[in-house]
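Engineer: I would like the atomic coordinates for the input below:
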Amino acid sequence: FWHDGEFGTGEEWQLLLKTQKGRYAELEAHLLKHHPWQNPEIAAVPIVAGSEACLRWLAANTTPAE
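Structural biologist: Reported below is the predicted structural model:
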């Protein structure tokens, strides 16, 4: 991979996080603040379809506690 104009040979990891669209900015800010790279790859991919049970679980588990 290329990073800061140099070719790197270290390991890269792909991490998948799920959240609601309305919470994306909060998640992105957290990742940028805590990631060791100045410009990590962060991309949002919409869920355009899913099983009803999965989508219910996602909504229930990405809603902030009151």
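
Engineer: distance-wise, check Phe1 relative to Gly50.
Structural biologist: 31 Å (CB to CB, to the nearest Å). From N, CA and C alone the C-beta is placed, and that goes for glycine too.

Engineer: just Glu6 next, same as before
Structural biologist: In terms of CB to CB, Glu6 sits 39 Å off from Gly50.

Engineer: tell me which of the two has more neighbours.
Structural biologist: Gly50 (11 against 7; other CB atoms under 10 Å).

Engineer: what strand or helix carries the nearest residue to that one once chain neighbours are set aside?
Structural biologist: Residue nearest to Gly50 in three dimensions, not counting chain neighbours: Leu58, with 7.6 Å by CB to CB, 6 or more residues apart in numbering. Applying DSSP states H and E as the criterion places Leu58 in helix 52-61.

Engineer: try Glu26
Structural biologist: Assigned by DSSP H and E, Glu26 falls in helix 24-34.

Engineer: averaged pLDDT, that helix. What do you get?
Structural biologist: The pLDDT scores in helix 24-34 average 96.

Engineer: ok, and what's touching it?
Structural biologist: With CB atoms under 8 Å, 6 or more residues apart in numbering as the test, helix 24-34 has contacts from 17, 19, 40, 42, 44.

Engineer: who wins on neighbours among those residues?
Structural biologist: Thr19 (15 neighbours).

Engineer: one step back: quick one: contacts for the residue nearest to Gly50?
Structural biologist: Contacts of Leu58 by CB under 8 Å, 6+ apart are 18, 20, 47, 50.

Engineer: how about 10 Å then?
Structural biologist: 18-20, 47, 50 (CB atoms under 10 Å, 6 or more residues apart in numbering).

Engineer: do Glu12 as well
Structural biologist: Per CB under 10 Å, 6+ apart, neighbours of Glu12: 1, 3, 41.
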